[in-house]
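> Using only what follows, build the 3D model:
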Amino acid sequence: MTGAEDALELPLAGITVLDFSQFLAGPVAALRLGDLGARVIKVERPQGGDLGRTLAFGGLMAGDSSMSFHAMNRGKESLAADLKDPADLALVRDLVREADVVIQNFRPGVMERIGLDYDSVRELNPTVVYGSVSGYGDSGPFKDRPGQDLLAQSIAGLPWLNGSADDPPVPVGLAVADHLASCHLAQGITALLVRRFRTGRGGHAQTSLFEALLDLQFELLTTRLNDPTVAVQRKGPRSAHAFLSAPYGIYPTSDGFLAIAMNPVPTIGRLLGVQELVSMTDPSAWWERQGEIEELISARLRTGTREEWLAVLDAEDVWCAPVLTLEELVEHDGFRAIAMTQELTREGLSLTTTRSPIRIDGRLLTDPRPAPRLGEHDAVLRPTSVAEPA
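Numbering: from 1, shown residues only. You can find the predicted model right below:
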């Protein structure tokens, strides 16, 4: 959805967001608001800007910033401001007075020292909606630890949920904590904006990487908290979940892998032609003989291709799916059909990235603007008398 007319139709059109955050969780929360129509002004330090500009995912750059930085900061404006400089801080405080939303993801205490914490900002702008995301919250023994995704995953116990019994801890290979926290922060900010429109009252939305990962485990934690005997017991090399019985897992075929979800073992046995599985009608056996079941399924699936077995299982509405590689995914008709990509362009730069996963009134949310150059919008955001030359 592009163009001035379309922009006015977006739910958050007219909302201004000051984004003080860096790296991923905070910037992506601001990005989510921007995709819904908000104007996002990224406040960066003059020397180097957001550290994410040069922290390149896979070591890949696009122009003067990393590809991942463009993906997380597309469509934003950039103000280079030294918050330790009184003149720059005064300018930023003026922007705070006019903003609808302020987002920050510094460690606890940093914004207080600058004088831009929630209480200080609320004095400047009583109706402001303030969003904070940290690593582990504002209290407790973890609060001063680095708020980084792998570290948060480790403290939250996620690596012990992945892999098989013979594996060491296996972390999720994506920044799952950051991305989940960004969703929660954007949700909290949007809810407070709704309340402000209704009552005139601002507020403070807070979350952390740690809380996001604990929420992700609500099934496991609820079970454990109500039954202390519950423990993670990872299963064999085919199992995909420590708390689900066979056949739930990922299995090899002659040319790839196939995922099979919750299905009765006898049904799988009948379709695969494995009589030993057909006779396992007692669901308790699907737990007690899980390793044996997985090996019987694996041995049979290896005799055919992934597509051959999908044809057999899909015809009977079995819950299954191909396990695609990244290369297979981006070339698949299913990937193209959902139109999840968009093009970012400016002079000297052309980049393909993902769009917002949200559709509004049946329309895709896209924006062709890449991430801003550091300080690109200083001339617009600073008073004319102090604007620096481009």
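
> hey, let's count contacts and neighbours off CA atoms from now on
OK.

> Just name whatever secondary elements whichever helix or strand residue 180 is part of is in contact with.
Per DSSP states H and E, residue 180 falls inside helix 176-199. Judged by 3 or more Cα pairs under 8 Å, 6 or more residues apart in numbering; DSSP states H and E, helix 176-199 is in contact with helix 25-35, strand 129-134, helix 149-156, strand 203-208, helix 209-216.

> mind redoing it with 10 Å?
Here helix 176-199 touches helix 25-35, strand 101-104, strand 129-134, helix 149-156, strand 203-208, helix 209-216, going by 3 or more Cα pairs under 10 Å, 6 or more residues apart in numbering; DSSP states H and E.

> Let's test this: mean pLDDT of the helix or strand just after the last one, rounded?
The one in question is helix 209-216. Counting by DSSP H and E, the next helix or strand C-terminal to helix 209-216 is helix 218-226. Here helix 218-226 scores 97 as its mean pLDDT.

> All further residue positions should be reported with the first residue as 4.
Fine by me, first position is 4 from now on; the one you just mentioned is helix 221-229.

> Tell me where the stretch 254-393 of the chain has strands.
Taking DSSP state E, counting those that start in this stretch, the strands of the stretch 254-393 of the chain run over residues 260-263, 323-326, 344-349, 352-357, 362-363, 366-367.

> So which of the ones you listed is the most surrounded?
Most buried of those, by mean neighbour count (mean count of other Cα atoms under 10 Å): strand 260-263, with a mean of 22.

> can you give me how far that strand is from the chain middle?
Put simply, strand 260-263 sits 25 Å off its chain's centre (Cα atoms, centre = their mean, to the nearest Å).

> Tell me the strands beside it, with direction?
Paired strands of strand 260-263, with direction, are strand 252-255 (antiparallel), strand 323-326 (antiparallel) (DSSP bridges).

> List of residues touching the first one?
So the one you mean is strand 252-255. Contact partners of strand 252-255, identified using Cα atoms under 10 Å, 6 or more residues apart in numbering, comprise 239-244, 260-265, 297-298, 300-309, 323-326.

> circling back: how about the strands of the stretch 254-393 of the chain in a markdown table, adding distance to residue 205 and mean pLDDT?
Listed next are the strands of the stretch 254-393 of the chain as a markdown table, based on distance: least, Cα to Cα, whole Å; pLDDT from 0 to 100:
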| stretch | distance to residue 205 | mean pLDDT |
| --- | --- | --- |
| strand 260-263 | 47 | 98 |
| strand 323-326 | 46 | 98 |
| strand 344-349 | 34 | 96 |
| strand 352-357 | 32 | 96 |
| strand 362-363 | 25 | 96 |
| strand 366-367 | 30 | 95 |
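
> mind checking which of the ones you listed is nearest residue 248?
strand 260-263 (11.4 Å; Cα to Cα).

> Now tell me what touches the closest one from outside.
Applying Cα under 10 Å, 6+ apart, the external contacts of strand 260-263 come out as 241-243, 249-255, 271, 301, 304-305, 308-310, 312-313, 316, 321-328.

> repeat that with 7 Å
With contacts defined as Cα atoms under 7 Å, 6 or more residues apart in numbering, strand 260-263 is touched by 250-255, 309, 322-326.

> from the residues you listed, which is closest to residue 386?
residue 326 (54.8 Å).

> what's the spacing between the closest one and residue 268?
From residue 326 across to residue 268, the span is 20 Å (Cα to Cα, to the nearest Å).

> re earlier: tabulate the strands of the stretch 254-393 of the chain in TSV, adding columns for distance to residue 88.
As requested, these are exported to TSV (distance: least, Cα to Cα, whole Å):
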stretch	distance to residue 88
strand 260-263	56
strand 323-326	53
strand 344-349	32
strand 352-357	33
strand 362-363	42
strand 366-367	41
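
> Looking at these, spot the one closest to residue 121.
Of those, nearest to residue 121 by Cα to Cα is strand 362-363, at 31.3 Å.

> hang on, the earlier thing: reformat the helices and strands packed on helix 179-202 as JSON lines; add mean neighbour count and distance to residue 85.
Formatted as JSON lines, these follow (neighbours: other Cα atoms under 10 Å; distance: least, Cα to Cα, whole Å):
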{"stretch": "helix 28-38", "mean neighbour count": "27", "distance to residue 85": "19"}
{"stretch": "strand 104-107", "mean neighbour count": "26", "distance to residue 85": "15"}
{"stretch": "strand 132-137", "mean neighbour count": "26", "distance to residue 85": "20"}
{"stretch": "helix 152-159", "mean neighbour count": "19", "distance to residue 85": "27"}
{"stretch": "strand 206-211", "mean neighbour count": "22", "distance to residue 85": "25"}
{"stretch": "helix 212-219", "mean neighbour count": "22", "distance to residue 85": "27"}
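
> So residue 175: helix, strand or coil?
Classification of residue 175 using DSSP: H, G, I helix; E, B strand; the rest coil returns coil.

> That one: what's it in contact with?
With contact set as Cα under 7 Å, 6+ apart, residue 175 has these partners: residue 162.

> rerun that using 10 Å as the cut-off
By Cα under 10 Å, 6+ apart, the residues touching residue 175 are 152-153, 156-157, 161-162, 164-165.

> give me the number of residues near residue 313?
Residue 313 has 17 neighbours, counted by other Cα atoms under 10 Å.

> Quick check: it touching residue 321?
Yes: counting by Cα atoms under 10 Å, residue 313 touches residue 321, with 9.1 Å between them.

> Look up which residues are beta-bridged to residue 352.
When bridges are called by DSSP bridges, residue 352 pairs up with residue 349.

> Does it touch residue 371 like I think?
No: assessed by Cα under 10 Å, residue 352 is found out of contact with residue 371, at 11.3 Å.

> which regions of this protein sit below the pLDDT cut-off?
Scanning the chain for pLDDT under 70 picks out 4-11, 387-393.

> Show me how the record splits it into domains.
Domain assignment for the chain by automatic domain parsing gives 7-219+340-389, 252-326.

> Need these in JSON lines (columns: distance to residue 332).
Listed next are the domains of the chain as JSON lines, based on distance: least, Cα to Cα, whole Å:
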{"stretch": "domain 7-219+340-389", "distance to residue 332": "12"}
{"stretch": "domain 252-326", "distance to residue 332": "9"}
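
> Perfect, I'm done here.
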